[in-house]
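Colleague: Using only what follows, build the 3D model:
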Amino acid sequence: MASIKHYRAFQIDPDGHVFGCINLVCDDDEQAKREAASLVLVHRIELWRLDQRIAKFDAPQELARR
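Modeller: The predicted model follows:
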């Protein structure tokens, strides 16, 4: 039986403040990274598992300038 892992994808505003959090349940870090990357629209996303940052995804430059 595979164990599932819990992650949090934090939405970060341009000033570096967290303004939202999305809980993810994934099989592994790679699946969590794919899901977190798909959440990037206008703001940066930071993916965390417990107290460890797994990845950071920046907003596309053309959207960040609007």
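Colleague: Report the contact partners of residue 48.
Modeller: Taking CB atoms under 8 Å, 6 or more residues apart in numbering, we find residue 48 in contact with 7, 8, 9, 10, 54. Using the backbone N, CA and C atoms, a C-beta is placed for each residue, glycine as well.
Colleague: which among those gets closest to residue 30?
Modeller: Residue 30 has its nearest neighbour among the contacts of residue 48 in residue 54, at 9.8 Å by CB to CB.
Colleague: Strand partners (parallel or antiparallel) of the one helix or strand the closest one maps to?
Modeller: Applying DSSP states H and E as the criterion places residue 54 in strand 52-57. Applying DSSP bridges to the sheet, strand 52-57 is found paired with strand 44-49 (antiparallel).
Colleague: Restricting to C-alpha, output the strand it pairs with in CSV.
Modeller: Taking C-alpha atoms only, strand 44-49 is exported to CSV below (Å, rounded to 0.1, in the frame of the first residue of the first chain):
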residue,chain,number,x,y,z
ARG,A,44,4.0,33.0,-7.2
ILE,A,45,3.4,29.6,-5.7
GLU,A,46,5.6,27.9,-3.0
LEU,A,47,5.1,24.2,-2.4
TRP,A,48,5.8,23.0,1.1
ARG,A,49,5.7,19.6,2.9
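Colleague: So which bits of that strand are buried?
Modeller: 44, 45, 46, 47, 48 (16 or more other CB atoms under 10 Å).
Colleague: avg pLDDT for that strand?
Modeller: The pLDDT scores in strand 44-49 average 97.
Colleague: quick revisit: ranking the contacts of residue 48 by neighbours, who comes first?
Modeller: With neighbours taken as other CB atoms under 10 Å, the top of those is residue 9, carrying 24 neighbours.
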